[in-house]
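Novice: No letters, just coordinates:
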């Protein structure tokens, strides 16, 4: 499922002194929310970015926005639950930009909130396929591409503060994200000797479509979560993207195997 835009982006140049200047970045779930914020930010910080997600209209809109701001971007339609699609998306990045330096595995899906005995097998399998198997497939493809091109690089996986404690309202979601933390740590140990760093971020309450959907199903949940947060507010997607950008940059060159909480102090 490789459906890319065809506009030539070779003439654009990265920001001279940006945090990610000179790097090629691959971002999943880049059509909206944290992924779209990351695409805008990474490009502003000098990276050439490949946006990947399932919805072409969203990808196209964000790509055009990045280009209009002077950045270099392209997109590829990708279904994280489909292994050939994931590999094709990473390969397309290398084909277009000549290399892969960094990757932000941000894409995720949610299911209706509720206790564990109310989670259907179909929902459990779906969230496993996208939120755990998908990042695993992506990491394997990304490591292969980094090895073959840039040689060294960095990967950040988007986890959740809900992975760090019991999660009675989102038990399957929390379980997949906790498993993703383990994959992150294992990858950091495995690929660190090659100069490939692997970290995760664990966002707290963030104003994305997923949290708005939870609010629609459980009115008042955002206020309750904010009351548990020392900063007494939710994050904007750009605030989460900023943490990912730092972990992908050379300024975090001695950081690997970390699950960085970006939660307004919720787990302090």
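Specialist: It's in. Since the model is a prediction, treat every value here as computed from it, not as a measurement.
Novice: Backbone dihedrals for residue 157, please?
Specialist: When quoted as degrees, to the nearest 10, the phi and psi of residue 157 stand at phi -100, psi 140.
Novice: Just grab the bridge partners of it for me.
Specialist: residue 105, residue 200 (DSSP bridges).
Novice: just use 287 as the starting number from now, easier for me
Specialist: That works, and once the first residue is 287, the last one we named lands at residue 443.
Novice: That one - how many residues pack around it?
Specialist: Residue 443 has 28 neighbours, counted by other C-beta atoms under 10 Å. Where C-beta positions appear, they are placed from N, C-alpha and C, glycine not excepted.
Novice: How about residue 488?
Specialist: 25.
Novice: How about the secondary structure of residue 530?
Specialist: Using DSSP: H, G, I helix; E, B strand; the rest coil, the secondary structure recorded for residue 530 is helix.
Novice: Would you agree it is in contact with residue 324?
Specialist: Yes: taking contact to mean C-beta atoms under 8 Å, the distance of 5.8 Å between residue 530 and residue 324 places them in contact.
Novice: overlap in contacts of the two?
Specialist: When contacts are counted by C-beta atoms under 8 Å, 6 or more residues apart in numbering, residue 530 and residue 324 have 390, 392 as shared neighbours.
Novice: List of residues touching stretch 360-372?
Specialist: 287-291, 293, 295, 314, 316, 335-342, 345-346, 348-349, 374-375, 378-379, 382, 393, 412, 415-416, 419-421, 423-424, 427.
Novice: what about that stretch, average pLDDT?
Specialist: For stretch 360-372, the mean per-residue pLDDT is 95.
Novice: One more: stretch 407-426?
Specialist: Here the average pLDDT along stretch 407-426 is 96.
Novice: Can you give me the buried ones in that stretch?
Specialist: Neighbour counts using 16 or more other C-beta atoms under 10 Å place 409-410, 412-425 of stretch 407-426 among the buried residues.
Novice: now swap in stretch 525-544 and tell me
Specialist: Neighbour-count burial for stretch 525-544 [16+ other C-beta under 10 Å]: 525-535, 538, 542-544.
Novice: which one of those sits closest to residue 471?
Specialist: residue 543 (5.0 Å; C-beta to C-beta).
Novice: what's the nearest residue to the closest one once chain neighbours are set aside in contact with, if anything?
Specialist: On the basis of C-beta to C-beta, 6 or more residues apart in numbering, the spatially nearest residue to residue 543 that is not a chain neighbour turns out to be residue 474, at 3.4 Å. Under the criterion of C-beta under 8 Å, 6+ apart, the contact list for residue 474 reads 483, 484, 485, 542, 543, 544.
Novice: Noted, bye for now.
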